[in-house]
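J.: Below are the sequence and a predicted model; questions follow.
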Amino acid sequence: MRVLRFVWQAIQRDWKSGELGVLGLALVVAVASVTSVGFFTDRVSKAMQLQASTLLAADLLVSSSEPIPSEIIQKADELGLLTAETREFPSVIVKDDETQLVGVKAVSEYYPLRGQLSLTDQPFGDERPAGKVPESGNIWIDPRLVGLLDLTVGDTLQLGQREFTVSALLAFEPDRGGNMFSFAPRVMFHLGDLESTGLVTFASRVAYHFLLAGDAPQLATFSRWLEPRKGALNVSLNDVSNARPEMRVALERSQSFLGLAALVAVILSGAAVAVSAQGFSTKQATAAAVMRSFGASRHFVLLTVCLRLLVIAMFASLLGSGIGFLVQQLLTDMMSNLFVMSIPPPSLTPLLAGLLTGFITLVGFALPPVVRVRQVPVMRVLRDDLGITPPSAWIVTLAVLAAIGILMVWQANSFVLAALVITGSVGALVALGITGFVLMLLLKRFPGSSLTGWRFGLTSLVRRSQGSTLQMAAFGLGLMALLLLSIVRVDVLNAWQRELPDDAPNVFIVNIKPEDAEHVKAYLAGLGVEMAELYPMIRGRLVAINDQPVAGEDYSSDPETERLVSREFNLSYADKPREDNPVIEGEWWRGDDRMKSLFSVEKDIAERLGVGLGDRLTFRVAGDEVSAVINNIREVQWDSFRVNFFVVGTPAAMEAYPATVITSFYLDKSRQGELAALIKTFPGITVIDVDALIQRVKGMMDRAASSVEYVFLFTLVAGIVVLLAAVQASRGERVKEAALLRALGAGRYKILQSLVAEFALLGLIAGLLGATAAGGIGWLLSDQVFHLKYDFNPSLWIVGVSAGVVGIGIAGVMATRSVLAVSPLQSLKK
Amino acid sequence: MLQPGERITNHLPAEAVLTAKHVSKTVAGPGGELTILDCVDLEISAGEVVAITGPSGSGKSTLLGILAGLDLPSEGAVQLLGHALVGSDEDERAAIRAGKVGFVFQSFQLLPSFTALENVMLPMELAGLPNTRQQAQDILQRIGLMDRAAHYPAQLSGGEQQRVALARAFAVKPRILFADEPTGNLDGATGARVVQQMFDLRDELGTTLVLVTHDAQLASRCDKRYEMISGRLMAA
């Protein structure tokens, strides 16, 4: 009780005197930045997840080859989830005795639960949102059928025993996913009409889909309930994370970017808290010695100091969380027009994260110097020179690393990202320490060193070498963060956006007969499409690995691999390697190797199948088995929208098998109508317009980039506050020193000169080091985390040094300029 | 609160409250071992007022620190209020001081974020005494600084700061009070006033006083005087 009363009184005193103001402010900034980033990324991620869920047309998708068991439907109803059903199967439509294989999709009311169907009246014509499902007796058809069967809106067609009226062309179907080249043109009608077609019988190959949407907790409950029952009920469960690979990549990358933004905020916060805590513990030394001379135990002294910090941290965290919430609200309002749908409200997790961040930051960054209070020699009451011994560098480093590590792994949710940022920070700190040491040695030899003016400023860095190094570290880290935000971020984002340029392929043509390939190419050249690359495509099912038979069920622990193995792969063959498919293991076939049966396998599928160089894969292609050894592993950018294959063979291995040709190219939307003539000339080909999909991916990238920019803007503000906090921490000492100089006769100009010189030099070194560290981290992040090519940007150093010299120079002088206004006597008396 | 003239009840005349036997202190210096205290023997009885004088650097403050249990000797034994200090750890020594030992320092050592009143309350709070505010106000009243109770040390003059320190030292009615150059930072007139108040309080409470001072006039008012010369203590 005595301790608590004492602590409470001490806190009241702290409040009145502003003793813990700087530390509290640093914590408020820390928590505010982490919580605002947390709340905001939580909401943005949710919005993006929602956006991505349009690809499934739902939040969750239950699929089966049999009717969906009633208990699943019942469970969804119980949980109050929105539901819809679709059934898909291949069939044939008839129009005036002409037939065409189609992919039938019967949809229930409310389909799609996420995203929207778009309709048009003529191929490549203006699109309009559907808003509902087809009415009974109506059918919506793929625009490709217009060319294939000479169908237009208003015509009738026969499907099974039922006649339908074409009421619209289906321009966009959100969940068109899966293998976009494998399915026949789509026809869609109301589920209620399905029975009357008489097409679904016991033996029919129907894919049953049950779509669900709703709030995250209910969805999670549903997933948890279904997951263990999937096998028994013979259904599979999909969510957004295993939707289209290009979307998944975009989502994962944007989350990594947002994670990085949070990490930078964490580092900045820690630096601010560490600087403030150092000052606090020094100020506490005398108080601790006096208290102990009056009989207080070390335990009591330590406990009271720690409890004070804890209470301050609690208040600061609550205040910071409140500010964080308000700031994210502002950010979300700014962002709301970027998202099609309203941004969902945040969960409470970031609030808890904010409170925990405050606590962890305090313990990691503030505790090591503060616990030294118990070691203050009590003789300090008699001898002022006996100060607080600084904590062991190892303990400080370990505590800081542990705190950063915990916060980072938690915030970024990625060990690699956390490890990289920690490595970068530690590397920067070591570099700062070494450079600081070298600088001190150099400055000591500075010729004609003087005690006034700018030379005084330079030598004062040496005299305060410990403090200077600490400040250099804080400024260096701050500048590093600012540079990471302002330059590296732009470079990395540009590198990302470069991957999907404006002229990314937006049209695919598949099913081109090899003998028509050159004609198609010539036709496309006539449309202004240059260098359309044509690739042979062979469909084959994986049947054995190293001569051991495999089946989809062997990969039941990984649904995506299970799906891949269960269906046919798109295989290709090539003589030469592709520039955009870098070989990362083994070598592309040359010379005699081209005559052998060899495979080149995409990296991710190799990992999923657990195969590597030297393993033998066997595919069943058109009734034959094609077997070859893996000769190299390639990396493929799935979000490039170019034609890519999981497995490419040597021509010797695959040339003999029946292939079709596939190509992809960019064609301006306004000219796509001209493709209709191509379809007329080569009726067998299938033209797939991926413009809508590509626009969606691009839109998502743009939104992710904007959200990251806004989040980084906030971190930038946090960085500036840290710089000011560091200047503030040494303000007292500087004011006293300047006052002494004035008392001894130095003019205001001389003092100003020395302050400018000191802070500018500090800024120069911090700028150089910050820029180097930011460049290094930028490269590491691009290369290791985002897998993007990063070009070093020389302006990093120019901006870093200029910002350091000007920014820290001005901030330092502004913070200490009061000495020029206050009388030296007043400054000295303090 | 004691009334002027009232004597303290725990005053035990003739009983030794502080003894030092063969106390030496050596520290490692750049040129080898440095002897600061050289076999010091001292015995102080309850209620005595003892002055230790000597030139700067002679080891006076080190001796004071060791006698008060703020530091330990390299050799020898110290007994304070019946407790052996050598062999006790820091916290045990702090517990011996709590509520029974007072200090006045040359540089006042008032806590800058505490008001005058709070500074006086501090040792009473640490000793767990009741009504600390009232008692602190009484003693500030007694030394004529009640109007400065809400002021912070930076707002007080040097003399006022030392008087607050004096009030703080006497607040717990200590059995023994150590003062290190109590007038060292004060001018003659202010120093004299502080000394007078210290003696008045001492007379009132019967506190044993151990003073380290340069001030010959102050030393002359003490019952016993010792002089430190190069780490050795001699009767003056």
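T.: Alright, I've got the coordinates.

J.: tell me which parts of chain B are close to chain A?
T.: Where chain B comes near chain A, counting by C-beta under 8 Å from any C-beta of the partner chain, the residues are B:61, B:64-65, B:68, B:70-71, B:90-91, B:94-101, B:103, B:105, B:107, B:109, B:111-114, B:118, B:122-123, B:125-128, B:152, B:154, B:172, B:180. For glycine as for every other residue, the C-beta is placed from the backbone atoms N, C-alpha and C.

J.: Can you get me a residue count around residue 91?
T.: You didn't say which chain, so I picked chain A. For residue A:91, the neighbour count with other C-beta atoms under 10 Å in any protein chain shown is 18.

J.: Sorry, I should have been clearer: chain B.
T.: Applying the criterion other C-beta under 10 Å, we find 17 residues in the vicinity of residue B:91.

J.: quick one: residue A:235 and residue A:69 touch, right?
T.: Yes: using C-beta atoms under 8 Å, residue A:235 and residue A:69 qualify as a contacting pair, with a distance of 7.3 Å.

J.: neighbour count winner among the two?
T.: Neighbours around residue A:235 and residue A:69, counted as other C-beta under 10 Å, are more numerous at residue A:235. The numbers are 21 against 18.

J.: In chain B, which residue sits nearest chain A?
T.: residue B:98 (2.6 Å; C-beta to the nearest C-beta).

J.: Now do that residue, the pLDDT please.
T.: Per-residue confidence for residue B:98 comes out at a pLDDT of 84.

J.: Look up the closest residue to it, ignoring the ones flanking it.
T.: Setting aside the residues directly before and after it, residue B:98 is nearest to residue A:295 in space (C-beta to C-beta, 6 or more residues apart in numbering or on different chains), at 2.6 Å.

J.: which residues does the one you found contact?
T.: Contact analysis of residue A:295 by C-beta atoms under 8 Å, 6 or more residues apart in numbering or on different chains lists B:94-101, B:123, B:126-127.

J.: dump the residue contacts of residue 143.
T.: I went with chain A, as the question did not name one. For residue A:143, the contact set (C-beta under 8 Å, 6+ apart) comprises A:120, A:122-124, A:169-171.

J.: That was the other one, I meant chain B.
T.: Residue B:143 is in contact with B:163, B:166-167, B:197, B:201, counting by C-beta under 8 Å, 6+ apart.

J.: I'd guess residue A:165 is in a strand, am I close?
T.: Yes: the secondary structure assignment for residue A:165 places it in a strand, going by DSSP: H, G, I helix; E, B strand; the rest coil.

J.: what's the weakest-modelled helix or strand in chain A?
T.: In chain A, no helix or strand scores lower on mean pLDDT, DSSP states H and E than helix A:824-829, which sits at a mean of 57.

J.: ok, back up a step: could I get the contacts of residue A:295 as a markdown table with neighbour count?
T.: As requested, the contacts of residue A:295 are exported to a markdown table (neighbours: other C-beta atoms under 10 Å in any protein chain shown):
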| residue | neighbour count |
| --- | --- |
| B:94 | 26 |
| B:95 | 17 |
| B:96 | 20 |
| B:97 | 30 |
| B:98 | 19 |
| B:99 | 20 |
| B:100 | 19 |
| B:101 | 30 |
| B:123 | 29 |
| B:126 | 25 |
| B:127 | 20 |
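
J.: any chance of those in JSON lines, plus secondary structure and distance to residue A:480?
T.: Below are the contacts of residue A:295 laid out as JSON lines (DSSP: H, G, I helix; E, B strand; the rest coil; distance: C-beta to C-beta, whole Å):
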{"residue": "B:94", "secondary structure": "helix", "distance to residue A:480": "45"}
{"residue": "B:95", "secondary structure": "helix", "distance to residue A:480": "49"}
{"residue": "B:96", "secondary structure": "helix", "distance to residue A:480": "52"}
{"residue": "B:97", "secondary structure": "helix", "distance to residue A:480": "49"}
{"residue": "B:98", "secondary structure": "coil", "distance to residue A:480": "49"}
{"residue": "B:99", "secondary structure": "coil", "distance to residue A:480": "53"}
{"residue": "B:100", "secondary structure": "coil", "distance to residue A:480": "55"}
{"residue": "B:101", "secondary structure": "strand", "distance to residue A:480": "52"}
{"residue": "B:123", "secondary structure": "helix", "distance to residue A:480": "48"}
{"residue": "B:126", "secondary structure": "helix", "distance to residue A:480": "45"}
{"residue": "B:127", "secondary structure": "helix", "distance to residue A:480": "51"}
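
J.: my guess is residue A:135 contacts residue A:165, does it?
T.: No: under the criterion of C-beta under 8 Å, residue A:135 is not in contact with residue A:165, lying 9.5 Å apart.

J.: Does the residue in chain A that chain B sits nearest to belong to a helix, a strand or coil?
T.: In chain A, the residue found nearest to chain B is residue A:295; the distance is 2.6 Å by C-beta to the nearest C-beta. Look at residue A:295: counting by three-state DSSP, its state is coil.

J.: same deal with residue A:536?
T.: For residue A:536, the reduced secondary structure class is strand; criterion used: three-state DSSP.

J.: and if you look at the one 5 residues further on?
T.: Going by three-state DSSP, the secondary structure assigned to residue A:541 is strand.

J.: Just give the number of residues close to it.
T.: Counted with other C-beta under 10 Å, residues neighbouring residue A:541 total 16.

J.: Who are the contact partners of it?
T.: Taking C-beta under 8 Å, 6+ apart as the contact definition, residue A:541 lies against A:567-569, A:619-620.

J.: and the end-to-end length of stretch A:65-72?
T.: 15 Å (C-alpha to C-alpha, to the nearest Å).

J.: Residues in contact with that stretch: which ones?
T.: With C-beta under 8 Å, 6+ apart as the criterion, stretch A:65-72 contacts A:62, A:85, A:205-208, A:210, A:226, A:233-235.

J.: how about those residues, which pair is most distant?
T.: Within those, A:205 and A:226 form the most distant pair, 23.6 Å apart (C-beta to C-beta).

J.: what does chain A have sitting close to chain B?
T.: So chain A meets chain B at A:2, A:5-6, A:9, A:13-14, A:16-17, A:19, A:286-287, A:289-300, A:377-379, A:381-384, A:829-830 (C-beta under 8 Å from any C-beta).

J.: I only care about the residues you listed that end up buried; give me the PyMOL line for that.
T.: With 16 or more other C-beta atoms under 10 Å in any protein chain shown as the criterion, this PyMOL line picks the buried residues out of the residues of chain A next to chain B:
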select buried, chain A and resi 6+9+13+14+19+286+287+289+290+291+292+293+294+295+296+297+298+300+377+378+379+381+382+383
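
J.: Give me the subset of the residues of chain A next to chain B that lies in helices.
T.: Mapping these onto helices (DSSP state H) picks out A:2, A:5-6, A:9, A:13-14, A:16-17, A:286-287, A:289-293, A:298-300, A:829.

J.: What is the burial count for residue A:589?
T.: Using other C-beta under 10 Å, residue A:589 has 24 other residues around it.

J.: Confirm that it sits in a helix.
T.: No: residue state for residue A:589 (three-state DSSP) corresponds to coil; a helix is not indicated.

J.: Which stretches in chain B count as strands?
T.: Read by DSSP state E, chain B holds these strands, from start to end of the chain: B:16-29, B:32-45, B:49-53, B:75-80, B:83-84, B:101-104, B:176-180, B:208-212, B:224-229, B:232-235.

J.: Perfect, I'm done here.
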